[in-house]
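Undergrad: next come a sequence and a model predicted from it.
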Amino acid sequence: MNKSPQEKHTFTKYQIFVIAILAILQFTIILDFMVLSPLGAILLKELHISTSQFGLVVSAYAFSAGASGLLAAGFADKFDRKKLLLFFYIGFLLGTFLCAIAPTYEFLLGARIVTGIFGGVVGSIGFAIITDLFKMEVRGRVMGFVMMAFAASQVLGLPIGLLLANKFGWHSPFWMICIFGVIVGVFIVIYMKPIDEHLKLKSDRNPVQHLIKTLTTKDYIQGFVAGILLSTGGFMLMPFGSAFSTNNLGLTMDDLPIVYGVTGICSIMFGPLMGKLSDKIGKYPVFIIGTILAMIMVTFYTRLGVTPLWIVIALNVVLFAGISARMISSQALASAIPSPQDRGAYMSINSSIAQISGGIASAFAGMIVIQRPDGILERYDVLGYVVLASMVIAAFLMYGVNQMVKRKLAEQNSKP
């Protein structure tokens, strides 16, 4: 008997468990990365470090995560994905534990490098698992739920982390992540099934050959380039977001939690909605809708002067709706690019490239934007134009990716 469309798109209890676990994993990884920035004021004082030293602590994670993604890519398809996930997540928790006991700046810097080496690979393994376990027809919804972790870490994690830091010291948010992560790890060990179907597709390539082959495959290169441009825009605007809000838009520091909180809550709702929409009308159409929306908001937002709080909140909510649509639809679309035997390597390289290009984009943004003695940021609109250009190019590249995916799915469906 043929299944109805409703039955085909209904998740089993085990699939719901996998989606929840992957979303929670993403939540802990993202929270660990995000919580450091708001702790800056405390760390500068308690560790007696300069702003440049603190910047190195923040960037150390991103660059070590990028490097480890490339190094791990050759091995990513050689093991059961559950075992690989546990290995890197345990390493991530070890790094977080080291942050929780760090007595000095040098120790904390080393701890962040360890955390990045392991944490940077966890997300890519998660995306490979999604591609292994879920069909393309529902992958948008799955990505939507998993990507909710970004918003949840902003709405729930950061306030809790800062509250703990103010009450029990700056080490306490890392203890929170570590303890919570151990509980998540236990659930993975007990309830997650082995994910090893890709191992049946025998390959005689060694890890180095596997890495080189994945890096040089024509279809994959197009996906990698698109991934670079997709990560560039966010990394350019985000580092200066709070400074632009307080200095140019006229908001106070007390206003920022309200802006981020409301935006985050709305983003939590956008995730499943955009995912479901991308499954219904198509990944690429949703990506284009999100791109147009984001472009309009970036053009308007980066040229603003002093603005009422409610307008800033409204603009941020619409901007993040566009960003959510782009992120979720592009991740779902890109997941169909690699062959089953290359998924782990492809996702790992893609994640690595995104981390490294994001770091470069942040540095490039710092060269464009300048701050006047009175605190006002200048040339933020120029930065907006650079972001717009990257979005336009990304839209053309994603069109090519969409055509490639259509061709691959047609070939798969034509096979007996």
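TA: In hand now; what should we look at?

Undergrad: the longest helix anywhere in the chain packs against which elements?
TA: The longest helix of the chain (DSSP state H) is helix 380-414. Here helix 380-414 touches helix 218-237, helix 283-301, helix 309-334, helix 343-368, going by 3 or more CB pairs under 8 Å, 6 or more residues apart in numbering; DSSP states H and E. Backbone N, C-alpha and C define where each C-beta goes, glycine included.

Undergrad: export those helices to TSV and tack on mean pLDDT and mean neighbour count?
TA: Below are the helices and strands packed on helix 380-414 laid out as TSV (pLDDT from 0 to 100; neighbours: other CB atoms under 10 Å):
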stretch	mean pLDDT	mean neighbour count
helix 218-237	80	21
helix 283-301	93	20
helix 309-334	89	22
helix 343-368	79	22
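
Undergrad: now render the ones you listed as JSON lines, adding distance to residue 186.
TA: Formatted as JSON lines, those follow (distance: least, CB to CB, whole Å):
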{"stretch": "helix 218-237", "distance to residue 186": "32"}
{"stretch": "helix 283-301", "distance to residue 186": "35"}
{"stretch": "helix 309-334", "distance to residue 186": "28"}
{"stretch": "helix 343-368", "distance to residue 186": "24"}
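
Undergrad: between those helices, which gets nearest to residue 256?
TA: helix 309-334 (9.9 Å; CB to CB).

Undergrad: what pLDDT does residue 3 get?
TA: pLDDT for residue 3: 48.

Undergrad: do the same with the one 5 residues further on
TA: Note on residue 8: pLDDT of 52.

Undergrad: and if you look at residue 386?
TA: pLDDT, read off for residue 386, is 90.

Undergrad: surely it meets residue 236?
TA: Yes - using CB atoms under 8 Å, residue 386 is in contact with residue 236, at 6.7 Å.

Undergrad: ok, which of the helices and strands packed on helix 380-414 comes nearest residue 393?
TA: Nearest to residue 393, of the helices and strands packed on helix 380-414 and by CB to CB, is helix 218-237 at 5.6 Å.

Undergrad: who touches the closest one?
TA: 214-215, 294, 298, 302, 323, 326-327, 330, 334, 337-338, 342, 346, 349-350, 353-355, 357-359, 361-362, 364-365, 383-384, 386-387, 390-391, 393-394, 397-398, 400-401, 404 (CB atoms under 8 Å, 6 or more residues apart in numbering).

Undergrad: can you give me how far that helix is from the chain middle?
TA: 13 Å (CA atoms, centre = their mean, to the nearest Å).

Undergrad: got it, and stretch 178-193?
TA: 21 Å.

Undergrad: quick one: average pLDDT of that stretch?
TA: Mean predicted lDDT for stretch 178-193 stands at 94.

Undergrad: quick check: buried residues in it?
TA: 178, 180, 181, 184, 185, 188, 192 (16 or more other CB atoms under 10 Å).

Undergrad: same check, this time on stretch 98-116
TA: So, applying 16+ other CB under 10 Å, buried residues of stretch 98-116: 98-100, 102, 105, 108, 110-116.

Undergrad: got these as TSV, with secondary structure, distance to residue 171 and pLDDT columns?
TA: TSV is the format used below for these (DSSP: H, G, I helix; E, B strand; the rest coil; distance: CB to CB, whole Å; pLDDT from 0 to 100):
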residue	secondary structure	distance to residue 171	pLDDT
98	helix	11	96
99	helix	8	93
100	helix	5	93
102	coil	7	92
105	helix	14	89
108	helix	10	92
110	helix	15	94
111	helix	11	94
112	helix	14	92
113	helix	18	92
114	helix	16	94
115	helix	14	93
116	helix	19	89
